[in-house]
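Visitor: Please find the sequence and the predicted model below.
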Amino acid sequence: MGLQYFTQGNANVLFETDSQSLLRISKRFSRLSENNTYTATVNTQFIKSIINKNSTANLPFILYELVKIKPQYNPNSDYERITLYLANLGILIDSDEIIGFKIPNLFYIDKTITSINEYKTIEVDHYTKIHVSLRSILWECKPKWEYFQNKLSVNNTDYTTYFCRNCTNNIIKNIKTQICYCNVVEFDNTHNMTTNNSNNNNTTEKITFLKKILLKYNLPSDYLSDITSYLILNDNNVIRLVYKEQTNLLAALPFFDPHLMTLRDVSCFIIWKRAYNGDKNIIESRIVDVDYKPYKKSWETQYSKIIEYCSKKIIHKDSFQHEF
Ligand SMILES: [Zn+2]
């Protein structure tokens with residue numbers, strides 16, 4: 001069957017190979033040679049550094065293996081299929097090799113899966129998808145930015161407030177979401193993540209609210225209780241690990257540092273595998289979409305818009321209640 005198109009984001013195209021891996025090819029630049037240079041030099045170094053740096057934070061990144069694909073002068077070869085796809089995107093094919101990353105296809109992390117078609121995908125909202133098969137369920141999400149502190153000055157009075165950058169940004173961009181990960185994680189009024197406690201009213205409300213959203217999708221009942229416990233009661237869940245690392249980096253790096261911006265845009269997979277023979281179901285996680293993002297002026301422009309929106313709503317945190 002050979003290589004097949006899998007999916008694409010803003011900066012990369014993914015192709016599925018026969019070996020249950022994915023090839024991740026940059027489409028960030030308008031020429032193949034530029035994309036190759038970026039992947040082989042800038043991005044390889046960056047991914048290595050971010051993975052090494054974060055190994056102490058126990059962030060479960062996937063492995064990235066640099067690969068080079070050469071032409072085979074056969075219309076069904078990988079090089080020909082990929083370059084045809086890239087050319088259709090308007091990318092100039094000016095190199096006789098393609099440099100990309102080989103990454104694991106997480107849909108096959110459950111070894112009993114034999115085809116990607118075993119999964120049915122539920123789109124919960126812009127940042128959350130649930131891929132369901134008989135034996136395993138993959139929760140794919142982007143936690144985006146943690147809450148952060150902002151000092152505001154209104155009518156000569158200084159206020160310190162905490163607001164959810166994600167929800168504010170969604171309002172401005174008119175993106176409708178059902179789940180905000182800043183609400184899955186509990187923060188105290190000095191911005192520290194607190195331990196979720198099943199005896200706490202707030203936590204109970206969060207579980208009820210999340211279950212209400214998920215009940216619409218006819219998910220298995222053991223999955224429903226496992227995933228809500230994982231997201232809301234597990235203090236080491238992958239969302240918390242990503243946010244914790246954002247907090248650590250924010251204390252040490254400039255606000256728009258590439259490492260920080262990358263962690264604000266990674267995707268997380270929470271992989272649930274059903275156990276048989278009375279064993280406990282298994283949940284494990286992986287972080288994908290690690291990429292060096294060259295600084296963009298638009299980051300600051302968007303941030304200014306968000307601040308402006310929040311400054312009009314000084315009690316943002318109270319007036320824009322998350323429903324959890
Ligand atoms: Zn929010």
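Guide: Sure thing, it's come through.
Visitor: list the buried ones in stretch 170-182?
Guide: By 16 or more other CB atoms under 10 Å, the buried positions in stretch 170-182 come out as 170, 178-182. Backbone N, C-alpha and C define where each C-beta goes, glycine included.
Visitor: tell me the phi and psi of the nearest residue to Asn43 once chain neighbours are set aside?
Guide: With CB to CB, 6 or more residues apart in numbering as the criterion, Asn43 has its nearest non-adjacent residue at 5.0 Å, and that residue is Tyr292. Main-chain torsions, Tyr292, degrees, to the nearest 10: phi -70, psi 130.
Visitor: How many residues are close by Tyr292?
Guide: As a burial measure, Tyr292 scores 21 neighbours (other CB atoms under 10 Å).
Visitor: wait, isn't it in contact with Phe46?
Guide: Yes - at 3.7 Å, Tyr292 counts as touching Phe46 under the criterion of CB atoms under 8 Å.
Visitor: Common neighbours of the two, please.
Guide: Taking CB atoms under 8 Å, 6 or more residues apart in numbering as the criterion, Tyr292 and Phe46 both touch 258, 262.
Visitor: Report the beta-bridge partners for the one residue sitting closest to the centre of the chain.
Guide: When CA atoms, centre = their mean is applied to the chain, the residue found nearest the centroid is Ser267 (1.5 Å). Using DSSP bridges, the bridge partners assigned to Ser267 are Val288.
Visitor: so where do the strands sit in this protein?
Guide: Counting by DSSP state E, the chain has strands at residues 4-8, 12-16, 21-26, 65-69, 98-104, 120-125, 128-132, 136-141, 148-154, 157-163, 267-273, 282-288.
Visitor: Ok, which of those comes nearest the ion?
Guide: With CB to the ion as the measure, strand 157-163 is the member of the strands of the chain nearest the ion (8.5 Å).
Visitor: any low-confidence regions in the stretch 101-250 of the chain?
Guide: For the stretch 101-250 of the chain, applying pLDDT under 70 flags the ranges 148-162, 186-192, 196-199.
Visitor: Spell out which residues of it are next to the ion.
Guide: 164, 166-167, 180, 182 (CB under 5 Å from the ion).
Visitor: make it 8 Å
Guide: Residues of the stretch 101-250 of the chain found near the ion (CB under 8 Å from the ion) are 147, 164-168, 170, 180-183.
Visitor: Can I get those residues in CSV including distance to Ser298?
Guide: Converted to CSV, these look like this (distance: CB to CB, whole Å):
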residue, distance to Ser298
Tyr147, 22
Cys164, 20
Arg165, 15
Asn166, 17
Cys167, 20
Thr168, 16
Asn170, 17
Cys180, 22
Tyr181, 23
Cys182, 22
Asn183, 26
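Visitor: can you give me the helices in the stretch 101-250 of the chain?
Guide: Counting by DSSP state H, counting those that start in this stretch, one finds helices in the stretch 101-250 of the chain at the ranges 165-173, 181-184, 201-215, 221-228, 238-252.
Visitor: What are the contacting residues of the last one?
Guide: It stands for helix 238-252. The contact list for helix 238-252 (CB under 8 Å, 6+ apart) reads 54, 57-60, 141, 143, 145-146, 148, 181, 184-185, 191, 193, 231, 234, 257, 259-260, 263-264, 266, 268, 270, 285-287.
Visitor: how about it as PDB, C-alpha atoms only?
Guide: Provided in PDB are the C-alpha atoms of helix 238-252 (Å, rounded to 0.1, in the frame of the first residue of the first chain):
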ATOM      1  CA  VAL A 238       0.000  15.100  31.700                       C
ATOM      2  CA  ILE A 239      -2.000  18.400  31.700                       C
ATOM      3  CA  ARG A 240      -0.600  19.200  35.100                       C
ATOM      4  CA  LEU A 241       2.900  18.300  34.100                       C
ATOM      5  CA  VAL A 242       2.800  20.600  31.100                       C
ATOM      6  CA  TYR A 243       1.400  23.500  33.100                       C
ATOM      7  CA  LYS A 244       3.900  22.900  35.900                       C
ATOM      8  CA  GLU A 245       6.700  23.100  33.400                       C
ATOM      9  CA  GLN A 246       5.200  26.300  31.900                       C
ATOM     10  CA  THR A 247       5.200  27.800  35.400                       C
ATOM     11  CA  ASN A 248       8.800  26.800  36.000                       C
ATOM     12  CA  LEU A 249       9.900  28.200  32.600                       C
ATOM     13  CA  LEU A 250       8.000  31.400  33.000                       C
ATOM     14  CA  ALA A 251      10.000  32.100  36.200                       C
ATOM     15  CA  ALA A 252      13.300  31.600  34.300                       C
END
